[in-house]
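Chemist: pasting the sequence and the predicted coordinates here, then a few questions.
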Amino acid sequence: MKIGFIGLGHMGNPMARNLLKHGHTLKVFDVVPDLVKKLTDLGAAAASSPAACSQGVDAVVTMLPSSPHVRSVYTGKDTGILSGVPAGVLLIDSSTIDPHTSRDVAMDARAHGNNMVDAPVSGGTGGAEAGTLTFMVGGETADFDKAKPILQCMGKNIVHCGGAGNGQVAKICNNMMLAIEMIATAEGMALAAKLGMDPKVFAGIANTSSGRCWSSDTYNPYPGVLENAPASRGYTGGFGSDLMLKDLTLVTEAAKAAKQPVNLGAAAQQLYQMHSLMGNGGLDFSSIIKLYKKD
């Protein structure tokens, strides 16, 4: 297929490369010329704008930082995707944004004659490199079926979550649960160590008891407990605390609009905001344990 790809950052670049590896023809755009060059060096064609990137292709994939970026790239006057894309081209947005914006843009796309799905991802840069991402897809069943072969070039688990915006709902609600679990694990691990228990021994008990969760048995935040976890390499790599803060902010805003209480989600958002203000935004989100223990 001929595919336009817009947004070539830490996630977008390896995702686009996997599309090339599967034999697709790519036209790419990013506001950073050096990021475009990394793809053109591999055989992709460069476009001068989102509108130009969406012409002469069968589908367009976007991977953008935030809701305002998505609105601008899709609906911007003269240069936005919807100002240049022909009717019938499938649009796939893999950004993580709020469900309201996702549904608004999908409605605008449909009015223009383009079917659209939201397809945020889980799996981080490692999953993007390996082509093993999970895609949580919102949109009509027929549009999901059209998007699936493209997404399968970049991911291993492609899940239809329901109507437009539901991919975003799945992504932000899951990450809210993950943040709460990580904070609880950090509190428990730090307290057990402070009370004199060996962290590895306590982790072993928790992981064979009712306290077990992914944050404790696979991604433990206490240094030295798990050799391959970010905690054992200075919290480098992994999923950044500022990215978790972004998702928690999205989920608390969505909950406010829905008049749905998220007491622990709101508390988690505040804790990650404090953690970021302390200069830890670039560290893996498991570094939240720094709020509870001294290095």
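Modeler: That came through, no problem. Numbering: from 1, shown residues only.
Chemist: and Gly211, that one's in a helix?
Modeler: No - per DSSP: H, G, I helix; E, B strand; the rest coil, Gly211 lies outside any helix segment and is coil.
Chemist: any idea which element the closest residue to it other than its chain neighbours lies in?
Modeler: In space, and not counting its chain neighbours, Gly211 is closest to Gly188: 6.5 Å by CB to CB, 6 or more residues apart in numbering. Heads up, the C-betas are built off the backbone N, CA and C, glycines and all. If you go by DSSP states H and E, Gly188 is part of helix 166-194.
Chemist: how near is Leu191 to Lys293?
Modeler: 9 Å (CB to CB, to the nearest Å).
Chemist: so for the two, which sits in the more crowded spot?
Modeler: Remark: of Leu191 and Lys293, Lys293 carries more neighbours, 17 against 13, as counted by other CB atoms under 10 Å.
Chemist: residues near the nearest residue to that one once chain neighbours are set aside, how many?
Modeler: Leaving aside its sequence neighbours, Lys293 sits nearest to Ala190 (CB to CB, 6+ apart; 4.4 Å). By other CB under 10 Å, the residues close to Ala190 number 19.
Chemist: which residues does Ala190 contact?
Modeler: Ala190 makes contact with 222, 289, 292-293, according to CB atoms under 8 Å, 6 or more residues apart in numbering.
Chemist: residues contacting Pro261?
Modeler: Ala255.
Chemist: again but with Val32, I slipped
Modeler: Counting by CB under 8 Å, 6+ apart, Val32 has contacts Leu8.
Chemist: and which of the contacts of Ala190 is nearest Met15?
Modeler: Using CB to CB, Ile289 is the member of those that lies nearest Met15, at 30.7 Å.
Chemist: how close does the residue nearest to Lys293 get to Pro223?
Modeler: For Ala190, the distance to Pro223 - CB to CB - is 11 Å.
Chemist: ok, Ser232 next?
Modeler: Counting by CB to CB, the gap from Ser232 to Pro223 is 6 Å.
Chemist: go on, Arg233?
Modeler: 9 Å.
Chemist: before we move on, the earlier item: which of Ser232 and Pro223 has more neighbours?
Modeler: A direct count of neighbours by other CB under 10 Å for Ser232 and Pro223 places Pro223 higher, at 20 against 14.
Chemist: which SS state does the more buried one fall under?
Modeler: Under the three-state scheme (three-state DSSP), Pro223 adopts coil.
Chemist: give me phi/psi at it?
Modeler: phi -60, psi 130 (degrees, to the nearest 10).
Chemist: what residues are up against the closest residue to it other than its chain neighbours?
Modeler: Nearest non-adjacent residue to Pro223, counting by CB to CB, 6+ apart: Ala231, 4.8 Å away. Counting by CB under 8 Å, 6+ apart, Ala231 touches 220-225, 284, 286-287, 289.
Chemist: and those residues, which are buried?
Modeler: Buried by 16 or more other CB atoms under 10 Å: 220-223, 225, 284, 286-287, 289, out of these.
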